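Enquirer: Please work out how this folds:
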Amino acid sequence: MDIGITLIAQVLAFTILIWLVNKYMWGPLNDAMEARRAKISEGLSASEKGQKDMELAEKRAKEVIKEAKQEAANIINQAQARSTQIVEEAKIAATEEANRVKAGAQAEIDQEVNRAKEALRQQVSELALAGASKVLGKEIDASAHKAVLDDLVSQL
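Expert: As a prediction, this is how the structure comes out:
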């Protein structure tokens, strides 16, 4: 019977040991492992979420860059159009200024031509008077024959 009591005592001690290990070691260890598994799972899901957020941010950054490039191209096109417009306006203004200067110069030339014609008429009338006085052999009074001289000047 010694073996029976010893065997029962050993079974009873082993059962108590299993119960103590389950209660004080296996339970907390299992809870710690479950908490660690949950923490790792949360970390993985946060990592996946961060990865998705990073991909979305990269897509958004690419869209913003694309929009910025389009806006820059639009600004460049507007600047080129404005520069072309300014050049055209400058050409028009220069043409108008050239025409104005040309018209002024033409008017001045016309005035000089008229003055030169008038001076030539005056000289021709003086020469005609001198020639007539030599032909006639006497001096002709210019004030007395003014009407005839004016008529001669107008015919020239």
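
Enquirer: How far off centre is the helix or strand G131 falls within?
Expert: G131 belongs to helix 27-136 when elements are defined using DSSP states H and E. In terms of CA atoms, centre = their mean, to the nearest Å, the centre of helix 27-136 is found 7 Å from the chain centre.

Enquirer: Does that helix pack against any helices or strands, and if so which?
Expert: Using 3 or more CB pairs under 8 Å, 6 or more residues apart in numbering; DSSP states H and E as the contact definition, the elements that helix 27-136 packs against are helix 146-155. Every C-beta, even on glycine, is put in place using the N, C-alpha and C of the backbone.

Enquirer: Next, work out how far apart Q70 and R37 are.
Expert: When distances are taken as CB to CB, to the nearest Å, Q70 and R37 turn out to be 49 Å apart.

Enquirer: ditto for S83
Expert: Applying CB to CB to S83 and R37 gives a distance of 68 Å.

Enquirer: With E89 instead?
Expert: With distances defined as CB to CB, the gap from E89 to R37 amounts to 76 Å.

Enquirer: quick one: which helix or strand includes I3?
Expert: Secondary structure here is read from DSSP H and E; on that basis I3 sits in helix 2-20.

Enquirer: Tally up the residues packed near R121, please.
Expert: 15 (other CB atoms under 10 Å).
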